[in-house]
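**Q** Below is the structure, and that's it, no one-letter string:
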C-alpha cells in the first residue's frame, strides 16, 4: 500500500468519515465508561442519527449493504475510500461478533461482574483507538494498517 499522501481532500474526508461507523457500533460496550466519565457519552451526541440507525436492525442492515454495494464494490469510487469503508465495516463486524459472544456466552456464565465490565471496556477502548487511528491516518491521506483487517480489506478491494 502507498504511504504517500496523493489522495484528494475529499478522499481524505470520506475515508476518515467511514470510521465513525465503528465508533457508533461500539456505543453499547461503553456503558461502564459512560457511568464513570459522563463527558464521554456527551461526545456521542453528534452521532445520534448514526446511533438511531444502529439501534434499528433493518436500517443497520440497509446501511451495511448500501455501503458495501454503493461504495466498496463500486470501481468509480477511489480505492482509498473503498479501502477505508471496508475496513470500518470489518471493524463493525468484529464488534457484532463480540456482542454475540457477550450476550450468549459470557453474560449467562459470568453475569455483569467485574470481568464482564473489563472485557466491555477493552472492546470499547480498543475500537475507539482503532477508529481514531483510522481517522488520523485517513486525514493524512495514508492507508491505515491494522493487522489482518488491512490485509483482508486490501484483498477484497483489489478484487473490484
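**A** Structure received. Note that the structure is predicted; figures quoted are calculated from it, not measured.

**Q** residue ranges with poor pLDDT in the chain?
**A** The chain contains residues with pLDDT under 70 at 1-5.

**Q** my guess is residue 27 meets residue 48, correct?
**A** No: using C-beta atoms under 8 Å, residue 27 is not in contact with residue 48; the gap is 10.4 Å. No exception for glycine: its C-beta is placed from N, CA and C like everyone else's.

**Q** hey, where'd the helices end up in the chain?
**A** Read by DSSP state H, the chain holds these helices, from start to end of the chain: 9-17, 20-25, 31-36, 38-42, 48-55, 57-67, 79-101, 107-110, 114-139, 149-158.

**Q** Can you tell me the centre-most residue of this protein?
**A** residue 22 (2.1 Å; C-alpha atoms, centre = their mean).

**Q** For the residue nearest to that residue when sequence neighbours are not counted, which residues are in contact?
**A** Spatial nearest neighbour of residue 22, chain neighbours left out: residue 91 (4.0 Å); criterion: C-beta to C-beta, 6 or more residues apart in numbering. Contacts for residue 91 were tallied using C-beta atoms under 8 Å, 6 or more residues apart in numbering; they are 19, 21, 22, 25, 127, 130, 131, 146, 149.
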